[in-house]
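**Student:** sequence below, structure please.
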Amino acid sequence: MIDFLREFLYVVSVFYIIYLILFATFSFFSILIGAYRLYVGDRIFRFKNKFDHDDLPVSVLIPAYNESVTIIDSVRSLLNLDYQQYEIIVVDDGSADDTTQKLIDEFEMERIDRPISRELKCHPEEAIYENIVQGVPITLIRKENGGKGDALNMGINASRYPYFVCMDADSRLQKNSLKEIVEPVFEDDTIVAVGGMILISQCMQMEDGEAVRYRLPPNLFVCMQALEYNRTFLASRIFMDTFNGNLIISGAFGLFKKSIIVATGGYSPDNLGEDMELILKLHGFCRNNDIEYRMGYQPSAICLTQAPTNFRDLRTQRRRWHIGLMQSMFAHRRIVLNLKFGLVSFFSYLYYLIYELLSPIIEVFGILTIALAAYIDVLNVRYMIIFLIVYAIYGSIISLSAFSQQIYTQKLRISLLDILKVLLLCVLEFAFFRYVLAAIRFVALLRYGKNKTTWGKIDRV
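**Tutor:** Next comes the predicted model:
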């Protein structure tokens, strides 16, 4: 029996070495390619003029549920964008608080009778309010509760323009973000969607609609999320964009071509990861119908979003994300190992399957095998500690590189004290925070049947 366990543990150790080496390789090339593209983009911005064109008419959609704390600031920030032709549509998805009344009072909105098309299925509206504020049309739709996807479908039905941007109710845009996110549409007429870069608002100091200073808040949860966001949006998203392989455009900020979204059937109201499910659906729709398409990623289009400030809210958010990931990947499982989908199938889908969806199971299993090896006295403690230290240092360097890219490309000011904090937090985030997230996601998988349709509540500040 002991001999069998030794052989089993040897096979497991080989698997984990390969697993970690592949992930480290992916991280390295993601950072390298991300840095190159950001550098090239910065040089182009410095020495060449942007395309000379009129602004593309855009509808900005904001689904809201119990967002009375943040909704006024979010809408008011959108009124100061450096953009000519856009409308704002807020869809109140049956809030139990005073979200609707606050908007009516703040922007002096009046109730109107306006027909809304039913191109996409959604719960019916209860009331519609409109006004024009600072030259920007604002529409407020109060509807029955149906979930975020259902609210977005209502917003698409009500939108007047051929492209729409979806945003979260707690998000803020830099004043040039709308100009930046539509730029790929003018450069490539096959673009059907564009993702923007999402950063943590608690770390940014804004002046005149632009982020000018990076400052780490005292909350450790927020700090470590900020480093995680940098690594995700400044590395892996840019890397996968090189072969049209992104499987998600964040619901916090994304641009979409309305006609093709309507053709695919819009957002799924029953999926907690409606943003990822839509992108997988787009990949399938375009490839199955032989439509030439591209989904872009624009790191210069900045969106600031609030990060959870405590463990309870973080757990709620990441549980929801992981269940949505599982729902989306299972719904579009035909993509895996499908030649029609090329690298989307053989790289992107497999990456999300192994290193995102199944990673908490793999990591928990790894901890259990370490405990088993220690129990039967075959664990090489010295080798394990050295390996984990080296891997943690490597991961910290990757995180620090992504952070440095953000500071350089956005030309942010940062104090020496915050630089020292980042150096420490990079190690802490990689050696501790990722395992906290793994535990949250592992529990989410175990409790999938109970949580698969619930969003949970996150406190806003």
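
**Student:** residues contacting the helix or strand harbouring I128, please?
**Tutor:** Per DSSP states H and E, I128 falls inside strand 125-133. Defining contact as C-beta atoms under 8 Å, 6 or more residues apart in numbering, one finds that strand 125-133 is touched by 79, 100, 103-104, 107-114, 116, 137-144, 154, 158. In short, each C-beta sits where N, CA and C put it, glycine included.

**Student:** and those, which of them are in helices?
**Tutor:** Mapping the contacts of strand 125-133 onto helices (DSSP state H) picks out 100, 103-104, 107, 154, 158.

**Student:** neighbour-wise, which of the residues you listed leads?
**Tutor:** M154 (30 neighbours; other C-beta atoms under 10 Å).

**Student:** in contact with it, which residues are there?
**Tutor:** Listed by C-beta under 8 Å, 6+ apart, the contact partners of M154 are 91, 116, 120, 122-123, 125, 141, 143.

**Student:** can you tell me, leaving aside adjacent residues, what's nearest to it?
**Tutor:** In space, and not counting its chain neighbours, M154 is closest to C122: 4.4 Å by C-beta to C-beta, 6 or more residues apart in numbering.

**Student:** you'd agree the one you found is in a helix?
**Tutor:** No: C122 is assigned coil when assessed by DSSP: H, G, I helix; E, B strand; the rest coil, not a helix.

**Student:** backbone phi and psi for it, please?
**Tutor:** phi -160, psi 170 (degrees, to the nearest 10).

**Student:** for C166, see how far away it is.
**Tutor:** C122 sits 14 Å away from C166, taking C-beta to C-beta, to the nearest Å as the criterion.

**Student:** in this protein, what secondary structure element scores lowest on mean pLDDT?
**Tutor:** The weakest-scoring helix or strand in the chain, judged by mean pLDDT, DSSP states H and E, is helix 448-451 (a mean of 62).

**Student:** isn't S59 up against N157?
**Tutor:** No: assessed by C-beta atoms under 8 Å, S59 is found out of contact with N157, at 10.8 Å.

**Student:** between the two, point out the one with more neighbours.
**Tutor:** Using other C-beta under 10 Å, the more surrounded residue of S59 and N157 is S59, with 23 against 20.

**Student:** avg pLDDT for stretch 428-446?
**Tutor:** Mean pLDDT, stretch 428-446: 86.

**Student:** list the contacts of it.
**Tutor:** 220, 223-224, 227-228, 314-315, 318-319, 322-323, 326, 359-361, 363-364, 392, 395-396, 399, 451.

**Student:** just for this protein, where's the confidence low?
**Tutor:** Within the chain, the segments meeting pLDDT under 70 span 42-54, 449-461.

**Student:** longest strand in it, please.
**Tutor:** Identified as the longest strand of the chain according to DSSP state E is strand 294-305.

**Student:** buried sites along that strand?
**Tutor:** 295-305 (16 or more other C-beta atoms under 10 Å).

**Student:** dump the residues you listed to TSV, plus distance to I335.
**Tutor:** What follows is the buried residues of strand 294-305, written out as TSV (distance: C-beta to C-beta, whole Å):
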residue	distance to I335
M295	14
G296	20
Y297	19
Q298	24
P299	25
S300	29
A301	27
I302	30
C303	27
L304	32
T305	28
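
**Student:** of the residues you listed, which pair is most distant in space?
**Tutor:** Using C-beta to C-beta, the two most remote members of the buried residues of strand 294-305 are M295 and L304, lying 22.4 Å apart.

**Student:** who does the strand or helix carrying G254 pair up with?
**Tutor:** Assigned by DSSP H and E, G254 belongs to strand 253-257. Strand 253-257 pairs in its sheet with strand 163-167 (antiparallel), strand 191-200 (antiparallel), by DSSP bridges.

**Student:** other residues contacting it?
**Tutor:** 58, 162-168, 171, 173, 177, 181-182, 185, 191-198, 275, 301, 303.

**Student:** now the strands for this protein?
**Tutor:** Assigned by DSSP E, the chain shows strands spanning 58-64, 86-93, 110-112, 125-133, 136-143, 163-167, 172-173, 191-200, 204-207, 210-214, 253-257, 294-305.

**Student:** among those strands, which comes closest to L420?
**Tutor:** Nearest of those to L420, taken as C-beta to C-beta: strand 210-214 at 13.4 Å.

**Student:** excluding chain neighbours, give the residue nearest to the most centrally placed residue in the chain in space.
**Tutor:** Closest to where the C-alpha atoms of the chain average out (C-alpha atoms, centre = their mean) is S250, at 3.4 Å. Distance criterion C-beta to C-beta, 6+ apart; nearest residue to S250, sequence neighbours excluded, is I198 at 5.1 Å.

**Student:** do the same with V381
**Tutor:** Of all residues not flanking V381 in the chain, A374 sits nearest, at 7.9 Å (C-beta to C-beta, 6+ apart).

**Student:** what does Y297 give?
**Tutor:** D241 (4.0 Å).

**Student:** quick check: I249 touching I279?
**Tutor:** Yes: when contacts are counted by C-beta under 8 Å, I249 is listed as touching I279 (5.6 Å).

**Student:** need the residues touching each of the two.
**Tutor:** Shared contacts of I249 and I279 (C-beta under 8 Å, 6+ apart): 193, 295.
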